[in-house]
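Peer 1: Just to be clear, the model below is a prediction. Sequence and coordinates:
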Amino acid sequence: MSIRPLPDVLVNQIAAGEVVERPASVVKELVENALDAGARRIDVDLEEGGVRLIRIRDDGGGIPAEELPLAVSRHATSKIASLEDLEAVATLGFRGEALPSIASVSRFLIASRTADSGHGACLEVDGGRVGAVTPKPHPVGTTVEVRDLFYNVPARRKFLKAERTELAHIEDWLRQLALARPDIELRVAHNGKPSRRWKGEGTLLAEPRLHEALGEDFVRHALRVDHAVHPGEMRAALRLHGWIAQPVYNRAGADQQFLYVNGRAVRDRSIAHAVRQAYADVLFHGRQPAYVLFLELDPRRVDVNVHPAKHEVRFRDGRLVYDFVLRTLQDALAQTRAGIASPASL
Ligand code: ADP
Ligand code: MG
């Protein structure tokens, strides 16, 4: 066979293989777009665990009608424009491939309006085939509808699990988000019935949200952590804040371990290891600590462009970050043992 460029739709479908694993990944990408657009309130409507329908509506800045075709084009983004921007990404998205990928494996619709436009517009994409922009009334903000995920990729559709399993994945991810963004109001409905409502509660991680996401027992045993240092090589402080559970509150698994780096939920083996290490002397073997931790640092010292789904990051100063996390948590735990700090009064 001779070498030929792949058709666009196929390129997008290949990218979808990395970005869109299941309905929860679609919800994640769309909600992140809403947050990047400055939304204060996000409505998530689901049918059949998101397989039949995912509809996300936000009150963010919206997209001008003439840019709708760009929004669903590959590698088109409003979030970065240069390598310099890429090296200091402050938004959740930046790759410009979520919408085209999702739209290539579903029946997709995006409707939007910006504050300075009198009316809204809408664009449909069916399995990657892009339609024409048409006028459509819409409040300021954006709605994205994704129907029949993987309808044109039977091999992927086959791997979708039962409705309640897919819904559970979506809810897990929304909980992760709700913990990090208590300032955002998030409403979720499934099969036409409201299933969850996270009220916007201001800028601090407030008790009701911790309580709802992790339970009363976690809150009762939670220690507040907040420590910062300023290493010379970083432009901004290195800060770790959040809540860790006292050792008497522990888990069989890692189900209550939430780590965010510059606001992004990530999995990081090295930091997870540092946390476990801090608890090494105070937890029974095989038991896991519970925590909600936010690590903040100079965005130039952390590479977020490691994984297409952005679940992982790479630190330029891995050792320094590891030691900082370890020492901060060791100190916090030592203080409780010495009886200096009492359980957090939230
Ligand atoms: P990325 O988020 O990496 O830029 P996406 O494919 O997710 O790529 O989105 C492409 C572009 O579409 C974004 O850069 C943004 O300009 C626009 N966009 C997508 N969703 C929204 C939204 N909910 N509100 C406003 N703009 C949006
Ligand atoms: Mg995006």
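Peer 2: Sure, I can see it. Numbering: from 1, shown residues only. Ligands and ions are numbered 1, 2, ... in the order given.
Peer 1: Enumerate the residues of the stretch 51-200 of the chain near ligand 2.
Peer 2: 93, 98 (Cβ under 5 Å from the ion). C-beta coordinates here come from the backbone N, C-alpha and C atoms, glycine included.
Peer 1: who's in contact with the residue in the stretch 51-200 of the chain positioned nearest to ligand 1?
Peer 2: Proximity to ligand 1, evaluated over the stretch 51-200 of the chain using Cβ to the nearest ligand atom, is greatest for G93 at 2.4 Å. Counting by Cβ atoms under 8 Å, 6 or more residues apart in numbering, G93 touches 29, 32-33, 36, 77, 79.
Peer 1: make it 7 Å
Peer 2: 32-33, 36, 77, 79 (Cβ atoms under 7 Å, 6 or more residues apart in numbering).
Peer 1: Ramachandran angles for it?
Peer 2: With angles defined as degrees, to the nearest 10, G93 sits at phi -100, psi 160.
Peer 1: Repeat that for L223.
Peer 2: According to degrees, to the nearest 10, L223 has phi -110, psi 130.
Peer 1: ok, now the one 10 residues further on?
Peer 2: As for E233, its main-chain torsions (degrees, to the nearest 10) stand at phi -80, psi -10.
Peer 1: now swap in E171 and tell me
Peer 2: Taking degrees, to the nearest 10 as the convention, E171 sits at phi -60, psi -40.
Peer 1: Model confidence at it, what's the number?
Peer 2: Looking at E171, its pLDDT reads 95.
Peer 1: Determine if any part of stretch 256-276 is in contact with ligand 1.
Peer 2: No - Stretch 256-276 lies out of reach of ligand 1 by Cβ under 6 Å from any ligand atom, never closer than 12.8 Å.
Peer 1: buried residues in that stretch?
Peer 2: 256-262, 264-266, 268, 271-272, 274-276 (16 or more other Cβ atoms under 10 Å).
Peer 1: closest to F150 among those residues?
Peer 2: A265 (24.3 Å; Cβ to Cβ).
Peer 1: need the contact list for that closest one.
Peer 2: 176, 180.
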